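Asker: Got a predicted structure plus its sequence, pasted below:
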Amino acid sequence: MSENNIQFLAKPADRLNGEFRVPGDKSMSHRSIMLGSLAEGTTTVEGFLEGEDALATLNAFRAMGVNITGPDNGKVSIEGVGLHGLQSPGKALDMGNSGTSMRLLSGLLAPQPFSSTLIGDASLSKRPMGRVANPLREMGATVETAAEGRPPMTVGGSSDIKAMHYTMPMASAQVKSCVLLAGLYADGETSVTEPAPTRDHTERMLRGFGYEVVTEGDTAKLQGGGKLTACHIDVPSDISSAAFFMVAASITPGADITLKHVGINPTRIGIINILQAMNADITLSNQREVGGEPVADIRVCYRGLKGIHIPEDQVPLAIDEFPVLFVAAACAEGQTILSGAEELRVKESDRIQVMADGLIDCGIDATPTADGMVINGVGEGVRPFKAATIATHGDHRIGMSFAVASLRACEMITINGCGAVATSFPGFAELCNSLGFNIEVVDPDAK
Ligand code: S3P
């Protein structure tokens, strides 16, 4: 499981070439199981991410009586039970490392006639759930959390959910989705207004299941009491997983890679916009729409990066990509400034502090701030990352980011706690090595 202490011994490398597909989108994989379970009829999914996070969602619905076949090579088949067909799981639902599972499920489970307890691993147990508990309580739901709004969460069992309009205090797709999913069970219109655009996979996928969701400017709304009709879902590759290779190619002289069939939803393309603003050589081709989501092949060739002040309007569109963008900034010429990104402090780890600690240990000039980071990069021709031992704090994206740094390292980077990489990117190190990385995976428990 994700808490084991897999180590990556990431040695310097100097080549990166290939045409390949990274695993399926995590956000869409979660949602395909949730909506497929609540639909009428059999939903089929291809491209499903067989990572621990999405599997936590899948296992939760199995525990609530949904018949799910697979995953088998990314294929899953879900016999939907309808919006009112879930059964009490009879035990706590373990969400592992997955904030998306806990926050979205809290919205779906709050209206159920049975109560459910949601638990998680050490990282998830520290993350804020008040952001979903508060709006759910406003909708009339019974919600209990541990001190300071942390997990475990117990929801549902008594409640008559009321429709409401909610203005989100932070830009969070998880909170938006939680409220909209609870709104499926309310009488009347539930709407959510967001302070900045966040990923809209829930809205798009609900429409794919035949459920009307209206988006007007910064507000998404739906009427409760409808039904979901089973469909087929083709999950594209996760742009957040592709991001590691987009940065890897941008910092490795001579690199030329093509990432196939990547989701390029406009609410997710901050990584492309930011890297291009830093002078990256990125070309999109074969743009098409697959099941209501835009998809493209992405070619990235090496070109020296330049430091920038990252526009704050790009922050929610690249929210999961900052750990690896910090690695890009360390290699870029000049200063990169990130601000307006305080949300990074409440991800799978405090991504500002944990990345700053690791970068400084590698010899990078990085200064964490309350809501971002200032990094003075080295520019071309220098291998800035020195030997260091990195602690991931159970955060998959920290582990993968320092693995990318090894492409511009002059000595080995030891990355502890890489078990969590399997939450979103099974087979990461093997894929890296097939493209030119030099990562030795060590499992101390296997010795
Ligand atoms: C997600 C939304 C984002 C993102 C997370 C997945 C989703 O979180 O960081 O990895 O699937 O809705 P927030 O909505 O909390 O920013």
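Answerer: Perfect, thanks for sending it.
Asker: Do a quick rundown of the helices in the stretch 301-447 of the chain.
Answerer: Assigned helices in the stretch 301-447 of the chain, in chain order: 322-331, 351-361, 396-405, 428-435 (criterion: DSSP state H, counting those that start in this stretch).
Asker: For burial, what's the neighbour tally of residue 148?
Answerer: The tally of other residues near residue 148 (other CB atoms under 10 Å) stands at 9. To be clear about C-beta, it is placed using only N, CA and C from the backbone, and glycine gets the same treatment.
Asker: Spit out the contact partners of it.
Answerer: Listed by CB atoms under 8 Å, 6 or more residues apart in numbering, the contact set of residue 148 reads 128, 130.
Asker: care to break the protein down by domain?
Answerer: As given by automatic domain parsing, the domain ranges for the chain are 2-24+236-442, 26-234.
Asker: Can I get those domains in TSV including distance to the ligand?
Answerer: TSV is the format used below for the domains of the chain (distance: least, CB to the nearest ligand atom, whole Å):
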stretch	distance to the ligand
domain 2-24+236-442	5
domain 26-234	3
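Asker: Between the helices of the stretch 301-447 of the chain, which one is closest to residue 117.
Answerer: Distance to residue 117, taken as CB to CB, is lowest for helix 396-405 among the helices of the stretch 301-447 of the chain, at 24.9 Å.
Asker: could you check the angle helix 351-361 makes with that closest one?
Answerer: Helix 396-405 and helix 351-361 meet at an angle of 30 degrees, taking axes from the mean of the first three to the mean of the last three CA atoms, to 10 degrees as the criterion.
Asker: Now do the end-to-end distance for stretch 184-196.
Answerer: The first and final residues of stretch 184-196 sit 23 Å from each other (CA to CA, to the nearest Å).
Asker: Specify the beta-bridge partners of residue 43.
Answerer: residue 78 (DSSP bridges).
Asker: check contacts around it.
Answerer: Contacts of residue 43 by CB under 8 Å, 6+ apart are 32, 35, 36, 77, 78, 80, 209, 230, 231, 232, 233.
Asker: circling back to that earlier point, any chance of the domains of the chain in a markdown table, plus mean pLDDT?
Answerer: Formatted as a markdown table, the domains of the chain follow (pLDDT from 0 to 100):
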| stretch | mean pLDDT |
| --- | --- |
| domain 2-24+236-442 | 97 |
| domain 26-234 | 97 |
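Asker: Can you show me the helices along the stretch 151-300 of the chain?
Answerer: 173-183, 201-208, 239-251, 270-277.
Asker: Give me the neighbour count for residue 442.
Answerer: If we define neighbours as other CB under 10 Å, then residue 442 has 15 of them.
Asker: Which residues does it form beta bridges with?
Answerer: Counting by DSSP bridges, residue 442 forms beta bridges with residue 7.
Asker: For it, which residues are in contact?
Answerer: 6, 7, 8, 9.
Asker: about what we covered before: now tabulate the helices of the stretch 151-300 of the chain in JSON lines and tack on mean neighbour count.
Answerer: Below are the helices of the stretch 151-300 of the chain laid out as JSON lines (neighbours: other CB atoms under 10 Å):
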{"stretch": "helix 173-183", "mean neighbour count": "26"}
{"stretch": "helix 201-208", "mean neighbour count": "22"}
{"stretch": "helix 239-251", "mean neighbour count": "27"}
{"stretch": "helix 270-277", "mean neighbour count": "22"}
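Asker: Now render the ones you listed as JSON lines, adding distance to residue 386.
Answerer: Below are these laid out as JSON lines (distance: least, CB to CB, whole Å):
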{"stretch": "helix 173-183", "distance to residue 386": "37"}
{"stretch": "helix 201-208", "distance to residue 386": "40"}
{"stretch": "helix 239-251", "distance to residue 386": "16"}
{"stretch": "helix 270-277", "distance to residue 386": "24"}
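Asker: show me what contacts residue 187?
Answerer: Residue 187 is in contact with 162, 163, 224, 225, counting by CB under 8 Å, 6+ apart.
Asker: ranges for the strands of the stretch 101-250 of the chain?
Answerer: Shown for the stretch 101-250 of the chain, the strands assigned by DSSP state E, counting those that start in this stretch span residues 115-119, 143-146, 150-156, 165-167, 189-193, 214-216, 219-223, 232-234.
Asker: Which strands border the fifth one, and is each parallel or antiparallel?
Answerer: Using DSSP bridges, the strands paired with strand 189-193 in its sheet are strand 165-167 (parallel), strand 219-223 (antiparallel).
Asker: before we move on, back to that, who wins on neighbours among the contacts of residue 442?
Answerer: Counting by other CB under 10 Å, top hit in those: residue 8 with 28 neighbours.
Asker: Go ahead and confirm it touches residue 439.
Answerer: Yes: under the criterion of CB atoms under 8 Å, residue 8 makes contact with residue 439 at 5.2 Å.
Asker: In stretch 411-428, which residues are buried?
Answerer: Across stretch 411-428, burial judged by 16 or more other CB atoms under 10 Å covers 412-425, 428.
Asker: Correction: the previous question concerned stretch 60-75.
Answerer: So, applying 16+ other CB under 10 Å, buried residues of stretch 60-75: 60, 61, 63, 64, 66, 68, 70, 71, 74.
Asker: Cool, thanks, talk later.
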